[in-house]
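Colleague: What would the 3D arrangement of this be:
(one chain, ligands or ions: 1)
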Amino acid sequence: MKIALVGMPGGGKSTVGKQLARQIGVPFVDSDQEIELRVGGSVKQFFEQHGEDAFRDLETETIADLIARPGDCVLATGGGAVLRDRNRGLLHDGATVLYLRSTPEDLYRRLRHDTTRPLLQVKDPLAKLRELHHLRDPLYRRCAHFVLESARPSVHALVNMALMQL
Ligand code: S3P
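Modeller: As a prediction, the model looks like this:
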């Protein structure tokens, strides 16, 4: 079985994904890391040099390859992966999809000192997180089989919630 994690940046997809993978004994894969291997640089650099559309094309190609790869895994996806219909379909049909849902305020608390997320390098990151959350929340819900929601949960609690859904 493949398990995919979707949700906003800072929602814990990589942290929860790694622990979940360890607990069920399958490899952990991160679509952003896979993209960085392919381009030989950071997502941030790629965004700056080639723009968001080119990044989204690469993201779709990468997700399609990862879903088609044989074997079980836990896959953490980039926060914008659900923007494309094709990605939502690939993930929904090829994996059990868990949406890690947090409020924009909690995301902001976790990300306010982060410099690696190109979309948040703006004057008012909290307003940006609210805007992205508003736009994407219905898309995450559409893509996911389960929503894991909790007010500031620990990683441990989230991993247990994820295990209960499987
Ligand atoms: C993005 C989130 C990032 C990364 C890219 C775009 C987004 O992944 O894919 O910077 O559109 O929200 P994380 O969710 O892992 O930060």
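Colleague: how about the residues of this protein that lie near the ligand?
Modeller: With the criterion set to Cβ under 6 Å from any ligand atom, the chain comes near the ligand through 9, 13, 32, 43, 78-80, 117-119. Placement of C-beta: from N, CA and C, glycine included.
Colleague: Just name the shakiest helix or strand of the protein by mean pLDDT.
Modeller: helix 155-165 (a mean of 81; mean pLDDT, DSSP states H and E).
Colleague: can you pull the buried residues of that helix?
Modeller: In terms of neighbour count (16 or more other Cβ atoms under 10 Å), helix 155-165 has its buried residues at 158-159, 161-162.
Colleague: just checking, what packs against that helix?
Modeller: helix 13-24, strand 96-101, strand 146-149 (3 or more Cβ pairs under 8 Å, 6 or more residues apart in numbering; DSSP states H and E).
Colleague: now the strands: where do they sit in the protein?
Modeller: Listed in chain order, the strands of the chain (DSSP state E) span 2-6, 28-30, 73-76, 96-101, 146-149.
Colleague: Find the residue ranges of the chain scoring beneath the pLDDT cut-off.
Modeller: In the predicted model of the chain, residues 150-153 satisfy pLDDT under 70.
Colleague: Most distant residue from the centre of it?
Modeller: Centroid-distance maximum for the chain: Lys123 at 23.5 Å, with Cα atoms, centre = their mean.
Colleague: OK, contacts around that one?
Modeller: Contact analysis of Lys123 by Cβ atoms under 8 Å, 6 or more residues apart in numbering lists nothing.
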